[in-house]
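Asker: Quick one, structure for this:
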Amino acid sequence: MNISKEQLDELNAVVTVDIAKADYSDKVDNILKDYRKNANIPGFRKGHVPMGLVKKQYGKAVLVDEVNKLLQDALNKYLTEEKLDVLGNPLPKEQENFDWDSDSYSFEFELGLAPKFEVKLNGKKPITHYKITATDEMIENQIKTIQKQYGKLISKDTVEKDDLVAGTFTNDEKEINNASTISLEKIKGKKNLDKFIGAKVGDVVQLKTKGLFSDDHDLIAALKINHDDAHDLDIEVSFTISEINTQELADLDQDLFDKLYGPGNVKTVTELKEKIKEDAERQFEQQSDQRLLNDITENALENTKFELPVEFLQKWIRATGEQPLTEDQAKDEYEKSEKGLRYQLIEGKIINDNNLQVTFEELKGFAKDLIKGQMAQFGQTSPEDKELEDIAARILSNQEEVKRISEQLMSQKLLNYYKENAKLKPKEVSFDEFIKEVYK
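Answerer: Predicted coordinates:
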C-alpha cells in the first residue's frame with residue numbers, strides 16, 4: 001500500500017491511496033474460506049461447495065467490503081501520523097471507469113485543511129469589563145420583599161394603598177371569569193388606584209384593562225388569558241372584591257436573620273444588608289462574565305483574520321447533509337455556519353496553545369463544587385467528602401452530564417484566561433445601568 005499527498009495550496013490537498021492485491025488478498029481468501037465452510041447452497045453438502053462458486057456468489061461483495069475497511073483504516077492512520085488538521089472529513093473524488101475487477105486500486109480524497117493563524121484577542125480599544133453593584137435602593141427593596149415574605153396578612157374592611165385585594169375579574173364578551181389576588185403596588189396610574197381606595201368587600205370596581213398594570217404579565221395572571229390576547233387588550237372588566245388584607249411586615253430581628261442565613265450568621269441589619277449585597281453581586285457577576293465572554297468572542301473574530309477552504313467546505317456540506325442540497329443551498333448553509341466555525345478554530349487554538357484542556361480530576365473537582373453549591377441551597381453546608389465523591393461518580397457516569405459540565409468548566413477556564421490576557425477596561429455600574437448599556 002502507498003499513500004501520497006499533493007498539496008494544492010495552503011488550505012487544500014489531495015491524498016491518494018494505492019492498494020495492491022497483496023494488501024487485501026489474504027484477508028479476502030480467509031473470509032471466503034469461512035463462507036465455504038458455512039455456505040448452504042442447494043445441491044452441495046455443507047462445507048463442500050466449490051470455491052469457484054463461493055467466489056462467484058460472494059467474492060465481489062467481500063472484496064469491496066475489505067478494501068473499503070483497509071482504505072478507511074489506512075487513511076485515518078495517515079492523517080493522525082502526519083498530524084494533518086482537517087476540516088470536515090476527507091471527500092472521495094469521483095473516478096470514471098473505476099474497475100473492481102482489477103487487481104490494484106487507486107483512491108483519491110480531497111482534504112480541507114485548517115488554516116494557520118495567530119489569535120488576536122485585542123483590538124485598538126479595550127473591552128469593557130462590567131462590575132455590577134447592588135445599589136442601596138435595590139438592597140432596601142430586597143429587605144422589604146423579605147419582610148413581606150416572612151410577614152403575615154391581616155384582614156381589614158376597607159381598601160387602602162398597598163393592600164392585597166382578592167376578588168373575581170369578569171367580562172362576558174371575552175368569557176373572563178377569574179378569581180385573583182392583586183397587590184395595589186402593581187396597579188398603574190393614580191386614576192386606577194383611586195377606584196380601589198375606600199372600597200369594601202362586596203363592592204364592584206369597573207376597570208379598563210389597557211394600562212391597568214405596570215407589567216403586562218400581571219394582566220395575564222389576573223385575567224387568566226394567553227400572551228397574545230393580553231397584547232394591546234383594551235376592554236372593560238368588573239372586579240368584585242371578596243377579601244381585603246394588609247401585609248404586616250416581619251420584624252428585622254434575630255429570629256428572621258436566623259431563618260434566612262442560619263443561626264448566628266447574621267446579627268444586625270447592617271450585616272443583613274452586607275449579605276444581601278454580597279449575594280446579589282455574586283449573581284450579577286455571572287451576567288457580567290457572560291457579557292465579557294460574548295464581547296471577547298466578537299473581538300477575537302473581528303481581529304483574527306484567516307482564510308478558509310470555502311469551496312471544499314461547501315462541497316462537504318452538500319455531501320454530508322441529511323437532505324440533498326443544491327450548490328446555492330450549500331452556500332447558504334456555509335454562510336450561516338462560517339462565524340461559528342471561525343470561533344471554533346480560534347477557541348481550539350487558544351485551548352491547545354495554552355494547555356487549557358479539561359482533565360478528569362478537574363472535571364470531578366468542578367462537579368463536586370457544583371454539588372456543594374446545590375446542597376448549600378437546601379441547608380446542607382458541610383457535606384462529607386465521601387458523599388460528594390459518590391454523587392459526583394453517579395453524575396459523571398452519564399455522558400450527557402459529562403458533556404454539559406465539561407462545557408461549563410471549559411467556559412470558566414477560557415474566561416479566566418481572557419481576564420488575564422485580554423485588554424480590559426473595568427467599569428462599575430448598577431444593574432439598571434448595565435441593562436440599559438448592554439441591551440440598549
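Asker: tell me which residues of the helix or strand of the chain with the lowest mean pLDDT are tucked away?
Answerer: Of the helices and strands making up the chain, the lowest-confidence element is helix 227-230, at a mean of 80, by mean pLDDT, DSSP states H and E. Using 16 or more other C-beta atoms under 10 Å as the burial criterion, the residues of helix 227-230 that qualify are Ala230. Heads up, the C-betas are built off the backbone N, CA and C, glycines and all.
Asker: Going by contacts, tell me the helices and strands next to it.
Answerer: Secondary-structure packing of helix 227-230 (3 or more C-beta pairs under 8 Å, 6 or more residues apart in numbering; DSSP states H and E): helix 216-223.
Asker: now the helices: where do they sit in the stretch 151-300 of the chain?
Answerer: In order along the chain, the stretch 151-300 of the chain carries the following helices (DSSP state H, counting those that start in this stretch): 190-196, 216-223, 227-230, 254-261, 269-303.
Asker: what residues does stretch 39-52 touch?
Answerer: If you take C-beta atoms under 8 Å, 6 or more residues apart in numbering as the criterion, stretch 39-52 is touched by 32-33, 36-38, 53-54, 57.
Asker: now do 6 Å
Answerer: Residues from elsewhere that reach stretch 39-52, judged by C-beta atoms under 6 Å, 6 or more residues apart in numbering: 36-37.
Asker: Verify the stated contact: Tyr24 with Val64.
Answerer: No. Here Tyr24 does not reach Val64: they are 10.3 Å apart, not a contact under C-beta atoms under 6 Å.
Asker: How about the contacts made by Val28?
Answerer: Val28 touches 62-63, 66, counting by C-beta under 6 Å, 6+ apart.
Asker: ditto for Glu66
Answerer: Under the criterion of C-beta under 6 Å, 6+ apart, the contact list for Glu66 reads 24, 27-28.
Asker: Can you list the helices and strands that the lengthiest strand in the chain packs against?
Answerer: Across the chain, the strand with the greatest residue count (assigned by DSSP state E) is strand 236-248. Packing partners of strand 236-248 (3 or more C-beta pairs under 6 Å, 6 or more residues apart in numbering; DSSP states H and E): strand 152-155, strand 164-171, strand 204-208.
Asker: Run the angle between the longest one and helix 216-223 for me.
Answerer: So the one you mean is strand 164-171. Between the direction of strand 164-171 and that of helix 216-223, the angle (axes from the mean of the first three to the mean of the last three C-alpha atoms, to 10 degrees) works out to 80 degrees.
Asker: Partner strands of strand 164-171 and their direction?
Answerer: Sheet neighbours of strand 164-171, with direction, are listed as strand 176-183 (antiparallel), strand 236-248 (antiparallel) (DSSP bridges).
Asker: Closest one of the contacts of Val28 to Ser183?
Answerer: Checking the contacts of Val28 against Ser183 with C-beta to C-beta, the nearest one is Glu66 at 76.2 Å.
Asker: where does that closest one land on pLDDT?
Answerer: As summarised for this prediction, Glu66 has a pLDDT of 92.
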